[in-house]
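Asks: please find the sequence and the predicted model below.
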Amino acid sequence: MKFNTKTIHGGQQNVDPAYGSVMPPIYQTTTFKQSTPGGHKGFEYSRSGNPTRAALERSLASIENGNFGLAFGSGLAAIDAVLKLFKPGDEILSTNDLYGGSYRLFTGIFADLGVKFHFVSMKDAIDIEQYINKNTKMIWVETPTNPMMNIIDIEAMFRVAKEYNLLVAVDNTFATPYLQQPLDLGADLVMYSATKYLGGHSDVVMGGLVVKDQKLAEKLYFIQNASGAVCGPQDSFLVLRGIKTLHLRMQRHCENGEKVARFLKDHPRVDKVYWPGFKNHPNHNIAKKQMNGFGGMVSFTTAEGTLESAVSFVEKIKVFTLAESLGGVESLAGHPASMTHASIPREERAKTGIVDSMIRLSVGIEDEEDLINDLKQALG
């Protein structure tokens with residue numbers, strides 16, 4: 001089954017067996033009748049499992065070419081479950097350019113519980129070996145990174161990890177399985193903020209994990225059930241519906257993203273533009289190799305190089321909306337230093353290039369001419 005077909009049918013029953021509904025029903029129930037203690041039809045309590053959530057989890061596994069999918073109440077809840085695989089004294093290598101919420105969870109909670117994190121550049125896999133020791137357990141990869149759009153070679157990371165018997169986890173939120181499938185490149189685990197492109201309509205908060213290995217899946221399911229950070233059936237239905245148009249939306253996101261990136265690159269009031277499709281973008285060739293397109297995320301810095309110039313821009317936009325999040329059908333603009341990455345200390349942000357004059361765009365699926373005209377007027 002090809003990807004475009006999987007988004008609609010992957011892991012799904014053709015029709016619901018009860019009444020023949022084409023879409024999976026929303027099983028808005030906390031519990032399920034049992035004929036005798038332990039005698040049920042596969043579900044007993046909705047924290048442990050719900051038919052609507054199960055349909056979504058099968059869909060996640062299908063589009064990612066995995067064997068097991070797990071859905072959580074948010075992307076951070078999914079990451080939290082992954083980190084609960086480890087114990088005090090374990091060490092994790094993470095890319096140094098990552099979502100601020102991930103950084104906050106790593107440093108503000110799990111570091112205090114005894115897990116040690118090394119935030120390192122992963123532009124070259126060879127460079128990370130110096131940080132690996134007997135306590136290292138996992139490599140956490142985010143590619144493209146947020147908001148610098150850096151590209152990390154997943155296959156190269158897998159080769160390093162295999163040599164040292166480490167897990168490789170990939171945050172695939174920006175790329176989605178439409179553009180990139182980390183499990184096929186050697187990753188053990190893929191994480192999504194399904195709030196973003198998978199849901200696609202800015203109306204649901206959810207996270208997901210996909211794995212191939214059964215033992216790893218069983219450990220994560222135990223954590224999911226024991227910790228209880230699950231999503232409800234209504235939210236599961238919304239993301240499952242969003243996945244059915246993922247391939248169509250991502251095509252337009254990529255097309256508009258390229259138009260916006262090339263416009264910004266030629267504008268006199270723009271300094272640097274970060275988009276993996278440029279030939280001079282770091283690891284552009286890796287992006288070409290492991291991705292099927294370059295996505296709809298674009299970051300840039302203003303020519304003035306000041307906080308004031310960035311604030312002026314985001315206050316003038318009209319078609320783009322100044323807001324947190326990304327990946328919806330509507331175009332959004334954000335100021336990473338004061339919004340998505342404010343939890344990272346300023347000096348740490350500066351090391352990775354997240355300066356006060358940076359703006360991150362989530363390019364939606366509107367008409368490209370309207371988007372370009374909006375950028376023109378906002379830049380002045």
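Replies: Here it is on my side, so go on. Numbers count the residues shown, from 1 in each chain.

Asks: quick check: can you list the domain ranges of this protein?
Replies: 3-243, 246-379 (automatic domain parsing).

Asks: with mean pLDDT and mean neighbour count added, can I get the ones you listed in TSV?
Replies: C-betas here are computed from N, CA, C, even on glycine. Below are these laid out as TSV (pLDDT from 0 to 100; neighbours: other C-beta atoms under 10 Å):
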stretch	mean pLDDT	mean neighbour count
domain 3-243	96	19
domain 246-379	97	19
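
Asks: could you pick out the longest helix of the chain?
Replies: Longest helix in the chain, counting residues (DSSP state H): helix 246-265.

Asks: for that one, packing partners?
Replies: helix 3-9, helix 176-179, strand 270-274, strand 297-302, helix 368-379 (3 or more C-beta pairs under 8 Å, 6 or more residues apart in numbering; DSSP states H and E).

Asks: between these, which one is nearest to Glu142?
Replies: Among those, the nearest to Glu142 by C-beta to C-beta is strand 297-302 (12.0 Å).

Asks: name the residues that touch the next helix or strand after the closest one?
Replies: Sequence order places helix 307-316 as the next helix or strand after strand 297-302, per DSSP states H and E. For helix 307-316, the surrounding residues in contact (C-beta atoms under 8 Å, 6 or more residues apart in numbering) are 301-303, 322, 333-335, 337, 356-359, 377-380.

Asks: how far off centre is helix 307-316?
Replies: 27 Å (C-alpha atoms, centre = their mean, to the nearest Å).

Asks: hey, C-alpha coordinates of it in PDB?
Replies: In PDB, the C-alpha atoms belonging to helix 307-316 read as follows (Å, rounded to 0.1, in the frame of the first residue of the first chain):
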ATOM      1  CA  LEU A 307      14.500  42.700  18.500                       C
ATOM      2  CA  GLU A 308      12.500  45.800  17.500                       C
ATOM      3  CA  SER A 309      12.700  45.000  13.900                       C
ATOM      4  CA  ALA A 310      11.300  41.500  14.500                       C
ATOM      5  CA  VAL A 311       8.500  42.700  16.800                       C
ATOM      6  CA  SER A 312       7.600  45.400  14.200                       C
ATOM      7  CA  PHE A 313       7.300  42.700  11.500                       C
ATOM      8  CA  VAL A 314       5.100  40.300  13.500                       C
ATOM      9  CA  GLU A 315       2.800  43.200  14.600                       C
ATOM     10  CA  LYS A 316       2.200  44.100  10.900                       C
END
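
Asks: so it versus strand 297-302, what angle?
Replies: Calculated by axes from the mean of the first three to the mean of the last three C-alpha atoms, to 10 degrees, helix 307-316 forms an angle of 130 degrees with strand 297-302.

Asks: relative to strand 270-274, how tilted is helix 307-316?
Replies: Going by the same axes, to 10 degrees, helix 307-316 makes 80 degrees with strand 270-274.

Asks: which helices and strands sit right next to the following helix or strand past helix 307-316?
Replies: Tracing the chain C-terminally past helix 307-316 and defining elements by DSSP H and E, one meets strand 321-322 next. Packing partners of strand 321-322 (3+ C-beta pairs under 8 Å, 6+ apart): strand 332-334.

Asks: still on that earlier bit, so which of the contacts of helix 307-316 is the closest to Gly114?
Replies: Ala337 (30.3 Å).

Asks: before we move on, what SS does that closest one have?
Replies: coil (DSSP: H, G, I helix; E, B strand; the rest coil).

Asks: need the contact list for it.
Replies: Contacts of Ala337 (C-beta under 8 Å, 6+ apart): Leu307, Arg346, Arg349, Ile354, Val355, Asp356, Met358.

Asks: tabulate those (TSV), appending secondary structure.
Replies: Conversion of the contacts of Ala337 to TSV gives the following (three-state DSSP):
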residue	secondary structure
Leu307	helix
Arg346	helix
Arg349	helix
Ile354	coil
Val355	coil
Asp356	coil
Met358	strand
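
Asks: let me know the closest of the residues you listed to Thr245.
Replies: Met358 (30.5 Å).

Asks: find the nearest non-adjacent residue to that closest one, please.
Replies: Thr301 (5.0 Å; C-beta to C-beta, 6 or more residues apart in numbering).

Asks: the one you found touches Arg360, doesn't it?
Replies: No: contact status for Thr301 versus Arg360: not in contact, 10.6 Å apart, counting by C-beta atoms under 8 Å.

Asks: now do the same end-to-end measure for stretch 15-32.
Replies: Stretch 15-32 stretches 21 Å from its first residue to its last (C-alpha to C-alpha, to the nearest Å).

Asks: all helices of this protein, in order?
Replies: Going by DSSP H, the chain shows helices at 3-9, 51-63, 75-83, 100-105, 154-164, 176-179, 214-227, 233-243, 246-265, 284-290, 307-316, 346-352, 368-379.
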